[in-house]
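Novice: No letters, just coordinates:
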C-alpha cells in the first residue's frame, strides 16, 4: 500500500492555450498539514479543484490512496472533504439545519454526526441563530464542518482564513491542529498569508504561475529563514575550531559550500571579525543573513505583484 495519501505526476491544466498548472508533481503523506502557498492566480484553487474531482487536468495523472484510473478515483474521492472558495451554506438555516441538509444530500445516514461536528467546531451553542447572522469565522468553521461530514482522511481547504479577524483565524487554526493531531487527518490548506500558515502547517508547497517552486518541511523553512552570521573564509576547518575554543559556541552549521552559519553573536559582528583575524583567519565574507518568511517566499517566486 502506498504511504502517500495523494500523488500527482506532471499535472497540467490549460485554459485557452495558457497553463493554469504546469507539470505539477507532488506527494502528500498521512497526518500532516500541507500549506499551499502562492499569490492570487498562482494555481492553488485549480490544483485543489482537480484533486477534488471538480475539474479535470489537460494532462498528467493523479493517485489517491494508492489508486489511479477514473472509476477508482471516483470511489477514493469519497474519502476527501473539501471547502473550495466559499462554503455553500443556506443563509436562513441554522448551523444544525445546514449540516442536516448536506448530510442528506450526501446520503450519510448517521444523524448523530451533526451534533458531534457542531461540538467539534465550537458551534454547539448557536441554537436557532440563522447562518446569515454568523460572523465570517463562524461561517468558515461551519463550512469546514460540512467538509467533515463523511469523516474524510484528506481535507482540502481553499483560503479558509481569508478575510477573518484575528479571533476567527485562531479558531480555525486550533480546529485544524486538532483534526490533524486527534484524527490523524491529512490537510491541504491554501493561502497567500504566509505568517498565518506558518503557525498551522507542518509542510510547505510553494506554487507560482502554475509551477511548484519548492516543497519543504517546517524545520527546513525555519532553518532557511533563521538569522545568522554568514562567514566565508580561506580555512573553514580551522574556523570552526576557533568558534568553539575562542568564542565558546557550537551554535553553528557548516554548509555544503563550506560557508559557516553562526547563530550566536548576531549583533557582535566586529568582535567575531576581530577574533578570527587575531587567529589567522582570512575573512572573505562576514554578513548578517536570514529572511523573514515573506522575504523568503519573494526570493523563491522572484518578487513581482499578484497575478
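Specialist: Received the coordinates, thanks. Computed from a predicted model, the values in this text were never measured in an experiment. Numbers count the residues shown, from 1 in each chain.
Novice: residue boundaries of the strands in the stretch 201-307 of the chain?
Specialist: For the stretch 201-307 of the chain, strands defined by DSSP state E, counting those that start in this stretch occupy the ranges 203-208, 211-217, 228-233, 252-254, 260-262, 283-289.
Novice: can I get those strands in a markdown table with mean neighbour count, distance to residue 108 and mean pLDDT?
Specialist: For every residue, glycine as well, the C-beta is placed using N, CA and C. Shown next, in a markdown table, are these (neighbours: other Cβ atoms under 10 Å; distance: least, Cβ to Cβ, whole Å; pLDDT from 0 to 100):
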| stretch | mean neighbour count | distance to residue 108 | mean pLDDT |
| --- | --- | --- | --- |
| strand 203-208 | 21 | 30 | 94 |
| strand 211-217 | 16 | 34 | 93 |
| strand 228-233 | 20 | 52 | 93 |
| strand 252-254 | 16 | 51 | 90 |
| strand 260-262 | 19 | 52 | 92 |
| strand 283-289 | 12 | 53 | 92 |
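Novice: Could you list the domains of the protein?
Specialist: Domains of the chain are assigned by automatic domain parsing as 4-222, 227-289.
Novice: How far off centre is the first one?
Specialist: Looking back up the chat, that one is domain 4-222. Distance of domain 4-222 from its chain centroid, counting by Cα atoms, centre = their mean, to the nearest Å, is 11 Å.
Novice: still on that earlier bit, looking at the strands of the stretch 201-307 of the chain, spot the one closest to residue 176.
Specialist: strand 203-208 (13.4 Å; Cβ to Cβ).
Novice: List of residues touching the closest one?
Specialist: Here strand 203-208 makes contact (Cβ atoms under 8 Å, 6 or more residues apart in numbering) with 24, 26, 32-39, 42-44, 47, 197, 212-218, 221, 297, 300-302.
Novice: follow-up on the earlier one: using TSV, lay out the strands of the stretch 201-307 of the chain together with distance to residue 124.
Specialist: TSV is the format used below for the strands of the stretch 201-307 of the chain (distance: least, Cβ to Cβ, whole Å):
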stretch	distance to residue 124
strand 203-208	32
strand 211-217	35
strand 228-233	47
strand 252-254	48
strand 260-262	49
strand 283-289	49
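Novice: Noted, bye for now.
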